[in-house]
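[1] coordinates for the following, if possible.
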Amino acid sequence: MVGEADEYRGETVKAVVSLKPGQTVTEEEIILFCRERMAAYKYPRIVEIVEELPKTVTGKILRRELRK
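    Residues are numbered from 1 along each chain as shown. Model (predicted):
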């Protein structure tokens with residue numbers, strides 16, 4: 001999860017998700033799943049589904065690339 005600029009809140013939560021091969025899910029389903037299990041200020045308001053998350057050579061996720 002990363003921060004995304006928001007006019008109302010200043011910054012809101014954005015989830016960037018990479019699915020396993022053969023799996024399908026919608027952005028709304030992810031938001032509803034998180035809303036049931038997280039505090040109101042923590043669940044993502046924006047969901048972006050990508051093919052692959054950008055990673056370093058050691059395998060860490062490049063969060064600064066996700067903010068772009």
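
[2] how about V17, secondary structure?
    State at V17, reduced to three classes by DSSP: H, G, I helix; E, B strand; the rest coil: strand.

[3] you'd agree I46 is up against R9?
    No: the criterion here is CB atoms under 8 Å, and I46 misses it with R9 at 11.6 Å. For glycine as for every other residue, the C-beta is placed from the backbone atoms N, C-alpha and C.

[4] who has more neighbours out of those two?
    In this comparison of I46 against R9, neighbours counted by other CB atoms under 10 Å, the higher total goes to I46 at 15 against 12.

[5] skipping its backbone neighbours, what lies nearest that one in space?
    Distance criterion CB to CB, 6 or more residues apart in numbering; nearest residue to I46, sequence neighbours excluded, is K14 at 4.2 Å.

[6] can you give me the strands for the chain?
    Chain-ordered strands for the chain, with DSSP state E as the definition, fall at 2-6, 10-18, 46-50.

[7] tabulate those (TSV), appending mean pLDDT.
    As requested, the strands of the chain are exported to TSV (pLDDT from 0 to 100):
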stretch	mean pLDDT
strand 2-6	83
strand 10-18	91
strand 46-50	93
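
[8] and R9, how far is that from L19?
    When distances are taken as CB to CB, to the nearest Å, R9 and L19 turn out to be 27 Å apart.
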